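1. mind looking at a prediction? Sequence and model below.
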Amino acid sequence: MSDQTLSGLRKDYERGEFDETMAAQAPLDQFRQWLDEAIAAKVPEPNAMTLATVGANGRPSTRVVLIKGFDSRGLVWYTNYQSRKGRELAGNPHAALQFHWVEQERVVRIEGRVEFSDPVEADAYYASRPLASRIGAWASEQSEVLPSRADLVKRTAEMGLRHGLNPPRPPHWGGYRLVPDYWEFWQGRRSRLHDRICYRMQPDGSWTRQRLSP
């Protein structure tokens, strides 16, 4: 594809609108509404979110993870604590999340600090996963250099034999929770005049709602 072809790619957003009269008083309620609508519309992987972290060298990195729960405490996902994202969060416990529901022309951005989720909740979620995924959590040294696919398959087989049908949750695997202090809800509009409503947490724990210029 040529640069000229890329520069000509254009889409006008016409599926909806979003203004202050539509926005919930609390950002969590607005998020719940949009997530429910994405699930009901059967958009592909509505629970997929981009996670951005920053390393000790100041370089940001992103990857896609899956939200597995949310409530007034924040948004939860599960992963390997020894992965690159785990190491970066250990050094800088601030991160950003982004949902992009293309079919609905919507984006949700969330920023805040990250903490470990409840180990009891992590145990329960781990136990609910398919056996192959539970074994995979033991087998994968996430983000480390892997000589070949065959090495991964071999290690998975070894972990399967070692742990059997009821593997415990690995000590290096569990949940993170992002505790938001900033939310932004973006609805695509025509002529790039998009609707952007943000919520900022105040020192007293309340939320200030504002419209942003597109």
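-> Nice, thanks for sending it over. Residues are numbered from 1 along each chain as shown.
2. is it true that Gly16 lies in a helix?
-> No. Under DSSP: H, G, I helix; E, B strand; the rest coil, Gly16 falls outside any helix and is assigned coil.
3. in space, what's closest to it - neighbours in sequence excluded?
-> With Cβ to Cβ, 6 or more residues apart in numbering as the criterion, Gly16 has its nearest non-adjacent residue at 5.5 Å, and that residue is Gln187. Just so you know, the C-beta spots here come from the backbone N, C-alpha and C atoms, and that holds for glycine as well.
4. quick one: Tyr199 and Trp183 touch, right?
-> Yes. Contact criterion Cβ atoms under 8 Å: Tyr199 and Trp183 qualify, at 4.4 Å.
5. shared neighbours, the two?
-> Both Tyr199 and Trp183 are contacted by 27, 30, under the criterion Cβ atoms under 8 Å, 6 or more residues apart in numbering.
6. I'd say the residue nearest to Gly16 and Arg106 touch.
-> Yes. Counting by Cβ under 8 Å, Gln187 touches Arg106, with 5.7 Å between them.
7. overlap in contacts, those two.
-> Here Gln187 and Arg106 have Gly16 as joint contacts, going by Cβ under 8 Å, 6+ apart.
8. now do the SS call for Ile197.
-> Local secondary structure at Ile197 is given as strand here, using three-state DSSP.
9. same check on Leu28?
-> Secondary structure of Leu28, reduced to three states by three-state DSSP: helix.
10. again, but for Gly174
-> The three-state assignment at Gly174 reads strand, by three-state DSSP.
11. mind listing what the nearest residue to it once chain neighbours are set aside touches?
-> Taking Cβ to Cβ, 6+ apart, and ignoring the residues beside it in sequence, Gly174 has Ala122 as its nearest neighbour in space, at 4.2 Å. By Cβ under 8 Å, 6+ apart, the residues touching Ala122 are 78, 169, 173-175.
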